[in-house]
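**Student:** got a predicted model here, sequence first, then my questions.
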Amino acid sequence: MKKQFDNNNFELYAPDSLKHVYKDLEMILNESLELYKKIFDVEDFRKVTINYFDNIDDFKNFIYNMRGEKDSLPSYAVGTYDKGMINAYIDPSINESDPLFNKRVHMASHELFHIMYEELVFNKIRMEKLTWFNEGCAQFFSGEKEKELNDDFNDWYNNVRSNTKKIPELNNLSHGLDFKTDDYNGYDLSLLAVKNIYDRLGFDNFKLLIKDSNRILRYGYNVINQAFLFYDIELGNNKTKGYN
């Protein structure tokens, strides 16, 4: 692990093999930090360490050594925020034409949202942490899905809708085998839910929502059905699909 940059807000340890992924990371993180400070109504935040790995086993061993066990990471996990650090595995062969490239470029911004939500909200007030809302917000605000939510939204939305064979109970979702199944993708549904809520509330009212678990719970009961109806109308889709 080699220190690639070190400033007042962040320090990155990563191999040279990932330079094409993190070449703009300082700028991206500083922009994300300014947005998140507005969302959480703070003027500053502590310095955050980022650890990137180009070998999945090295990443897993690093996490398990911190946790003191070897079973908790889901098979799909490539990023965590253990010990208040951003820790991630990135395949060094990934290139800009890969659909996952933008997600990897913004991975640290994704985990930074989780860290700030944890430290500035969950650790300060008694509030239930809802995985779908937390994950949806991290995807929505990090910029990792900017293309899907803007230029390609129609295609992305229709793909999510057609691949959702069953709508899960969002409020009951947690990371593990049930978060992403053959019947639904919990990441996509979480993102769709947060986008729909944000589109209806706007920035200032959404800021109030992130500290109100009771309201988030109420949204979780039916927000996917509402989102499908909302965007079907907005996009002029004619859908009759039913769900269990």
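**Tutor:** On my side now, so go ahead.
**Student:** from now on I want contacts and neighbour counts done on CA atoms only, so please keep to that.
**Tutor:** Will do.
**Student:** immediately after the lowest-mean-pLDDT helix or strand in the chain, which helix or strand?
**Tutor:** The helix or strand of the chain with the poorest confidence is strand 79-80; it has a mean of 91 (mean pLDDT, DSSP states H and E). Going down the chain from strand 79-80, the next helix or strand is strand 86-89, by DSSP states H and E.
**Student:** what does that next one contact?
**Tutor:** The contact list for strand 86-89 (Cα atoms under 8 Å, 6 or more residues apart in numbering) reads 48-56, 59, 63, 78-81, 107-108, 111-112.
**Student:** and the nearest residue to residue 95 once chain neighbours are set aside, what is it in contact with?
**Tutor:** Spatial nearest neighbour of residue 95, excluding adjacent residues (Cα to Cα, 6 or more residues apart in numbering): residue 101 at 6.4 Å. Contacts for residue 101 were tallied using Cα under 8 Å, 6+ apart; they are 21, 94-95.
**Student:** for this structure, what spans make up the helices?
**Tutor:** 19-22, 25-40, 56-67, 101-105, 107-117, 131-142, 146-149, 153-163, 186-201, 203-209, 213-235 (DSSP state H).
**Student:** just how off-centre is the fourth one within its chain?
**Tutor:** When you say that, I think you mean helix 101-105. In terms of Cα atoms, centre = their mean, to the nearest Å, the centre of helix 101-105 is found 12 Å from the chain centre.
**Student:** try the last one
**Tutor:** Here the centre of mass of C-alpha atoms in helix 213-235, compared against the chain's by Cα atoms, centre = their mean, lies 18 Å away.
**Student:** what do you get for stretch 30-47?
**Tutor:** That offset, for stretch 30-47, works out to 16 Å (Cα atoms, centre = their mean).
**Student:** give me the contacts around it.
**Tutor:** 8-11, 109, 113, 116-117, 120, 141-142, 207.
**Student:** quick check: which ranges of the chain have low pLDDT?
**Tutor:** Filtered on pLDDT under 70, the chain yields the residue ranges 238-244.
**Student:** picking that back up, and the helices of the chain, which is most packed in?
**Tutor:** helix 107-117 (a mean of 25; mean count of other Cα atoms under 10 Å).
**Student:** what's the angle from it to helix 25-40?
**Tutor:** 30 degrees (axes from the mean of the first three to the mean of the last three Cα atoms, to 10 degrees).
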